[in-house]
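1. test case, fold it:
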Amino acid sequence: MIKVRFYDSAEDQLLDFAVIASRYRGQWIFCKHRDRDTFEFPGGHREKDEDIVTAARRELYEETGAKEYTLKQVCAYSVQNLDEKQGNSKESFGMLFYSDVKELGEMPPGYEIEMIRLFDEMPDSLTYPEIQPELMDEIIRSVFNG
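-> This next block holds a predicted model:
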């Protein structure tokens, strides 16, 4: 079982990931990795000596080609595998962002994302089905109902 927790803030050095729930022309942007048949939010690991906002901007561009957008930091979150058979995993932390993309350009070549697709709601085929719905619920609660 995967446990997702949300926090108002977290120490910067704990944050390994930036995940950006993004909309373009009223639809959600999801990415398809070239090695998978599932969809995921834009995002990924931050690089050495990179702050989390810079990581979010870089990942959003690399994975969607977004050229013009707003970016809002929503909250920190953590993910932990609580499956006793596999042994409890270390809690990993990320920062959840929301982006309203105004303009999409060409996706930069040479990255792992094969394509993006626009959806009215979350697709059925998710790369992280125990995590992404929780992140989406938090985005909707914090950004659209907040």
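
2. just the buried positions in stretch 69-79, please.
-> Neighbour-count burial for stretch 69-79, with 16 or more other CB atoms under 10 Å as criterion, is recorded at Y69, L71, V74, C75, A76, Y77, S78, V79. (C-beta placed from N, C-alpha, C; glycine too.)

3. quick check, distance from it to the centre of its chain.
-> Chain-centre distance of stretch 69-79: 8 Å, with CA atoms, centre = their mean, to the nearest Å.

4. any idea how far the longest strand anywhere in the chain is from the chain center?
-> Counting by DSSP state E, the longest strand found in the chain is strand 66-81. For strand 66-81, the distance from its own C-alpha centre to the chain's C-alpha centre is 6 Å (CA atoms, centre = their mean).

5. so what's the spatially most central residue of the chain up against?
-> Geometric centre of the chain, nearest residue: V19, 2.3 Å, by CA atoms, centre = their mean. Going by CB atoms under 8 Å, 6 or more residues apart in numbering, V19 touches F41, P42, G43, Y77, G94, M95, L96, F97, L135.

6. number of residues surrounding the first one?
-> F41 has 29 neighbours, counted by other CB atoms under 10 Å.
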